[in-house]
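In: need coordinates for the below:
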Amino acid sequence: MHAWMCESLDGVDALKWRDLPTPEPQAGEVRVAIHAASLNFPDSLTIVGKYQFKPELPFVPGSEFSGRIDALGEGVTGLEVGDPVIGIASSGGFATHACLPAARVLPLPPGVDLTDAAAFAFTYGTSHHALLDRGQLQPGETVLVLGAAGGVGTAAVQIAKAAGARVIAAASSDAKCAFLKTLGADETINYASGNLRDALKTLTAGKGPDIVYDPVGGDLAEPAFRSIAWRGRYLVVGFAAGSIPSLPLNLALLKGASIVGVFWGEFTRREPRAFAAGMAQLTQWYAQGKVKPPIDCTLPMADVRAAYARMASRQVQGKVVLVNGSGAG
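Out: Numbering: from 1, shown residues only. Model (predicted):
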């Protein structure tokens, strides 16, 4: 097998494409022949030691992938060699094969494209948990999605629409805003060229959004929170801007608003039944055409540096996917 090895926390240029022995699954594990793996924002942090999860060196980055089971460890039941699956792991995805606990793979129903599947679980799982579980989104409510053209943002736009919400998608360019319209956004805001608060006041007739979905943090957080509706829910999803904002808590009091943390990874571990139910609904919506991961580009697995560079450019619309064998382009 081949794998990208992170042997020091010196960033993407230090990753090494290694020829390694193909591992055998241990008891309770499966081995997946990886078709594709997607790049997520935490993958950029992990290789420099800045994510909350810090795998022991050396490790293979890549936490979300798809493929087919090609070996079963002792004691594994309910799965078969050849089954198409999504792998949800802390590492191991940027490779041709990976072994992981059977509990960390999701069998795929018929009709799910394996490239789509590689870009599905993290972003759609996070956004589903955020909006429907933590945010308790109701049909007819208004959702503001910040950083809406990225992986979790595009998922949030589609999920909010599928749940019956009015969606205002905010992004940093007119091109991204036009792209978000194709995903179902009712309104868009280019916050690089306009005032976020003024735009929200106009678009909501002064009421403000019921839910703010924020994977960005930084300077956008406070104006978004100041714009939130009475009994609004501010979903803290991540900090792609790089800085963790400080919010004036008196605003939560005055607005009767909630600041709600969203930690999908811990949710999957602590509440596996709720996690499985959410993924079941998402795969059903996929089959119905209500959600579909927008793929910014696919690249060969060996081009991992180009994938990281594409993400760092902040021009990504959807997800960057690395593909083994044929299918990249």
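
In: helices or strands up against the one helix or strand residue 296 maps to?
Out: Following DSSP states H and E, one finds residue 296 within strand 295-300. Judged by 3 or more C-beta pairs under 8 Å, 6 or more residues apart in numbering; DSSP states H and E, strand 295-300 is in contact with helix 114-118, helix 304-312, strand 319-323. (Glycine included, C-beta is placed from N, CA and C.)

In: and among those, the most buried is which?
Out: Highest mean neighbour count among these (mean count of other C-beta atoms under 10 Å): strand 319-323, with a mean of 26.

In: what lines up beside that strand in the sheet?
Out: strand 29-39 (antiparallel), strand 295-300 (parallel) (DSSP bridges).

In: quick one: that strand to helix 304-312, angle?
Out: 170 degrees (axes from the mean of the first three to the mean of the last three C-alpha atoms, to 10 degrees).

In: where is the longest helix in the chain?
Out: Assignment by DSSP state H gives helix 272-287 as the longest helix of the chain.

In: chain center to the lowest-mean-pLDDT helix or strand in the chain: distance?
Out: The helix or strand of the chain with the poorest confidence is helix 41-46; it has a mean of 89 (mean pLDDT, DSSP states H and E). Taking C-alpha atoms, centre = their mean, to the nearest Å, one finds helix 41-46 lying 11 Å from the centre of the chain it belongs to.

In: other SSEs contacting the helix or strand just after it?
Out: Next helix or strand after helix 41-46 toward the C-terminus (DSSP H and E): strand 64-72. Packed against strand 64-72 by the contact rule (3+ C-beta pairs under 8 Å, 6+ apart) you find strand 29-39, strand 84-88, helix 114-118.

In: circling back: pull the CA atoms of the least confident helix or strand of the chain into PDB?
Out: What follows is helix 41-46, C-alpha atoms only, in PDB (Å, rounded to 0.1, in the frame of the first residue of the first chain):
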ATOM      1  CA  PHE A  41     -10.300  21.900   7.600                       C
ATOM      2  CA  PRO A  42      -9.100  19.900  10.700                       C
ATOM      3  CA  ASP A  43      -6.800  18.000   8.300                       C
ATOM      4  CA  SER A  44      -4.900  21.300   7.800                       C
ATOM      5  CA  LEU A  45      -4.600  21.700  11.600                       C
ATOM      6  CA  THR A  46      -3.600  18.200  12.500                       C
END
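
In: which elements pack onto it?
Out: Checking 3+ C-beta pairs under 8 Å, 6+ apart, helix 41-46 ends up next to helix 304-312.

In: repeat that for 10 Å
Out: Helices and strands touching helix 41-46, by 3 or more C-beta pairs under 10 Å, 6 or more residues apart in numbering; DSSP states H and E, are helix 121-128, helix 304-312.

In: could you give me the buried positions within that helix?
Out: Neighbour-count burial for helix 41-46 flags 41, 42, 43, 44, 46 (criterion: 16 or more other C-beta atoms under 10 Å).

In: format those as CSV; extra columns: distance to residue 95.
Out: CSV is the format used below for the buried residues of helix 41-46 (distance: C-beta to C-beta, whole Å):
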residue, distance to residue 95
41, 20
42, 17
43, 13
44, 18
46, 15
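
In: what's the closest of those residues to residue 141?
Out: residue 41 (26.4 Å; C-beta to C-beta).

In: please list all residues in contact with residue 120.
Out: Contacts for residue 120 (C-beta atoms under 10 Å, 6 or more residues apart in numbering) come out as 38, 64, 66, 86, 106, 108, 112-113, 155, 279, 282-283, 286, 291-293, 319.

In: quick check: the gap between the residue nearest the centre of the chain and residue 265.
Out: The centroid of the chain falls nearest to residue 123 when counting by C-alpha atoms, centre = their mean (2.3 Å). In this view, residue 123 and residue 265 are 13 Å apart by C-beta to C-beta, to the nearest Å.

In: what's the answer for residue 203, then?
Out: Residue 203 sits 33 Å away from residue 265, going by C-beta to C-beta.

In: who's more crowded, those two?
Out: residue 203 (20 against 16; other C-beta atoms under 10 Å).

In: name the nearest residue to that one, ignoring sequence neighbours.
Out: residue 187 (5.1 Å; C-beta to C-beta, 6 or more residues apart in numbering).

In: wait, doesn't the one you found sit right on residue 171?
Out: No: between residue 187 and residue 171 there is no contact under C-beta atoms under 10 Å: 11.8 Å.

In: which residues do those two both contact?
Out: With C-beta under 10 Å, 6+ apart, residue 187 and residue 171 have common neighbours 177, 180.

In: which one's more surrounded, those two?
Out: Neighbours were counted for residue 187 and for residue 171 using other C-beta under 10 Å; residue 171 has more, 26 against 19.

In: who touches the more buried one in this structure?
Out: Contacts of residue 171 by C-beta under 10 Å, 6+ apart are 145-150, 153-154, 177-180, 185, 188-192, 317.

In: equivalent analysis for residue 1, please.
Out: 18-23, 31, 33-34, 60, 95-98.
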